[in-house]
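J.: Got a predicted model here, sequence first, then my questions.
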Amino acid sequence: MMRHKLAGYGGAALLLLAVSIIISLSIGSAGISILDVWGILVHQLPWLSYDGTAWEANQIAVVTQVRLSRVLLAVLVGASLALAGAGFQGVLRNPLADPYTLGVASGSSAGAAFIILFGYQIILGTWTIPLVAFVTGAVTLFGVLWLSRSKGGGMSVETLILSGVIMQAFLGAFVSFMVAMSDGVVNQILFWLMGSLATRSWDNVYMLVPFLALGIPLLLFYAKALNLFALGERHAAHMGVSVERTKLIVLIASTLLTAAAVSVSGVIGFVGLVVPHLVRLICGPDYRLIIPLSAIGGGLFVLWADTLARMALSPREIPLGVVTALIGAPFFAYLLRRHKIRNR
Amino acid sequence: MKSRKYGMLQPVLAAMLVMMLLLIAACGSNGNESGVELVGTPAPSAPTETAQSSEEPGKTQYPLTVTDDTGVAITLEQAPAAVVSLAPSETETLFAIGAGDQVVGVDEFSNYPEEASTKAKVGDMTTNIEAVMALNPDLVIASSSANFAAVEELRKLNVPVFAVDPLTYDAVVAKIETIGTIMDRQAAAAEVASEMLAVKAKVVESVKNETARKVYLEFSEGWTVGSGTFLDELVTLAGGINIAGSQQGWYEVNEEQVIIENPAFIIYPDWGVNPHPIAVAIESRPGWDVIEAVANGSLHAVTEDPLVRVGPRLADGLLELAKIIHPDSFK
């Protein structure tokens, strides 16, 4: 039964994703025709010989270096965030939990803001901001875990969430202070906080792949345990789940996924919160479905949001985080409302 | 239960409504303000005419009434002896026309000329109104766009404020002459003005037979400068085509556009750091290596302040741009 559902929903979602990728690749502000785009892409295949005259170098660069990597990056970032959101919601049993609940985004932001404010962007090459954001994001999680650990070694969910809120408030104040201190015409920190996939590269794509390749199977492995978590931790323990270990591993895996995504794209809100809920509304509360479908759904969501971000006011870019919230919130409100009315 | 829920909802909605109204009001007054600016722009010529009609040429007759770019008229009984400048461009203007001694306070960013940094500081983007009042100025010169809130605040306190917002090179020249009239420094201001016009004429003359070259400006990482800005005007005067000119103002550009436009020059601000974050970023962006400017190593750092401050040094910025875009014309 579950397998049939997964094959049905999963197949449909993957098909939708494939169609979306094809559409998104075909449009861009460079104004290259669809035929040219696909001609260029097809001729990148190693077994097709290409004499190098049909297209200008600029067009080839736009399609293969800029657009293709950006489209794939959008899918990967979305998948990471939604997957992390599903993980957090499962473990924390809180509908408001999202990848940023435990303060990862604030930690990453504080690190990135510091680097931008003091002009250290290239101290380790172009990787400086992603690296620092990743490290400070991960360190924040350990800070939160340390804050919320009890004498017995366990962590209560309420304490975890509160610790996350405390961290967020503290680091958020830090970030605000740094924003206030910076005086450029364009406030780079603010724009990092709103998220963007502009001017990223293939390297960022390669960086996210291992996190997802490990994260998806790991979270799937714990999906059954997360189903039992829904009954309450004590109940899950009675059913043979090693509660503390599951909690820790899922939290760490979700956090690393979040930190990796945030370090590449900046803070993109709403994906991790909304996508798992959407999946839950559509196909029920089984985490064996929610986890893989969230990954695909997150990829779809961010792909479309980013396509809008780069096309809506082309050649202007809109911050990606703005788009995800602007389309995510009303859509979510609509689904929630419909669901409530149906269940009345 | 239901009534309690709505009881909570009401103040929240009311607060949101008030916030929205405030927002609309703010937008409205902004729009209105810029409308007045357009009307007010020709105003600077008026006081000059008044001065010309006086019997002693080059000497300002007081009381003098001038209207600024916000459409507000102020009357000065005598030449201002204690002036506070809220914008680096106005500080530079005051010093350039030899009125530096009358300056008693400047904003934090006023770092040119060097004497400006010895003056009392009155805040940065947010002006410290108390600090201004403590200096007891008989005139405050401000940028109506950058110091909008401070201008309003100071006017409420009956401090004479002359708020400027020149939108073109020629408007900057006119503004400098007006400030010369206000400060009774007409001769020095005329000299600065004619120098600026001479530089412009020289540049325009030198590049007139050259083919315009495509230029991409990146003044903050990922951000370019579109039309309606001084940088756009200066690039055009210097014989360049700003590839971002299709859009207004500063904006984050889609890189596909830059690669397809294939600019011959990339210009970024010199921040005194090496390696420069923008140059490093541009060179490492995938796909950008096919751009003519990147392939030829035609990335140029320019001195930032003269190009973004609407003061007398705009001429230096123009010359620097022209020398980059058409080096052969300036040998």
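T.: Good, I have the coordinates. None of these values were measured; they are calculated from a predicted model.
J.: can we go C-alpha only for contacts and neighbour counts from here?
T.: OK.
J.: What are the boundaries of the helices in the stretch 51-200 of chain B?
T.: For the stretch 51-200 of chain B, helices defined by DSSP state H, counting those that start in this stretch occupy the ranges B:88-96, B:129-134, B:148-156, B:169-182, B:186-207.
J.: which of the residues in the shortest one are buried?
T.: With burial defined by 16 or more other Cα atoms under 10 Å in any protein chain shown, the residues of helix B:129-134 counted as buried are B:Val132.
J.: for that helix, the distance to its chain's centre please.
T.: 24 Å (Cα atoms, centre = their mean, to the nearest Å).
J.: and what of the last one?
T.: The chain centroid and the centroid of helix B:186-207 are separated by 18 Å, computed with Cα atoms, centre = their mean.
J.: which residues sit against the helix or strand just after it?
T.: Tracing the chain C-terminally past helix B:186-207 and defining elements by DSSP states H and E, one meets strand B:213-217 next. When contacts are defined by Cα atoms under 8 Å, 6 or more residues apart in numbering or on different chains, strand B:213-217 is touched by residues B:224-225, B:235, B:239-244, B:258, B:262-268, B:325.
J.: about what we covered before: select, out of the helices of the stretch 51-200 of chain B, the one closest to B:Ser284.
T.: Of all the helices of the stretch 51-200 of chain B, it is helix B:186-207 that lies closest to B:Ser284, at 32.5 Å by Cα to Cα.
J.: now the angle between helix B:88-96 and that closest one, please.
T.: Interaxial angle, helix B:186-207 versus helix B:88-96 (axes from the mean of the first three to the mean of the last three Cα atoms, to 10 degrees): 110 degrees.
J.: show me where chain A has strands.
T.: A:123-126 (DSSP state E).
J.: Run through the residues of it sitting next to chain B.
T.: Within chain A, the positions near chain B by Cα under 8 Å from any Cα of the partner chain are A:28-30, A:57-59, A:61-62, A:64-67, A:121-122, A:125-126, A:185-186, A:188, A:198-202, A:310, A:314-318.
J.: Just the buried residues from the residues you listed, in ChimeraX please.
T.: Buried members of the residues of chain A next to chain B, defined by 16+ other Cα under 10 Å, are picked up in ChimeraX with:
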select /A:28,29,30,57,58,59,61,62,64,65,66,67,121,122,186,188,198,199,200,201,202,310,314,315,316,317,318
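J.: restrict the contacts of strand B:213-217 to those near chain A?
T.: Near chain A, taking Cα under 8 Å from any Cα as the test, the members of those found are B:Asn262.
J.: pLDDT weak spots in chain A?
T.: By pLDDT under 70, the weakly predicted segments of chain A are A:1, A:48-53, A:151-154, A:183-186, A:341-344.
J.: So for it, the centremost residue is which one?
T.: Most central in chain A under Cα atoms, centre = their mean is A:Leu81, positioned 2.4 Å from the mean C-alpha point.
J.: Would you confirm that that residue contacts A:Leu257?
T.: Yes. With contact defined as Cα atoms under 8 Å, A:Leu81 and A:Leu257 form a contacting pair (6.9 Å).
J.: Quick one: name the residues of chain B near chain A.
T.: Applying Cα under 8 Å from any Cα, one finds that chain B approaches chain A through B:220-223, B:247, B:251-257, B:259-260, B:262, B:275, B:277, B:280-281, B:284-288, B:290-291.
J.: Inside helices: which ones of these?
T.: Applying DSSP state H to the residues of chain B next to chain A, the entries found in helices are B:255-257, B:259-260, B:277, B:280-281, B:284.
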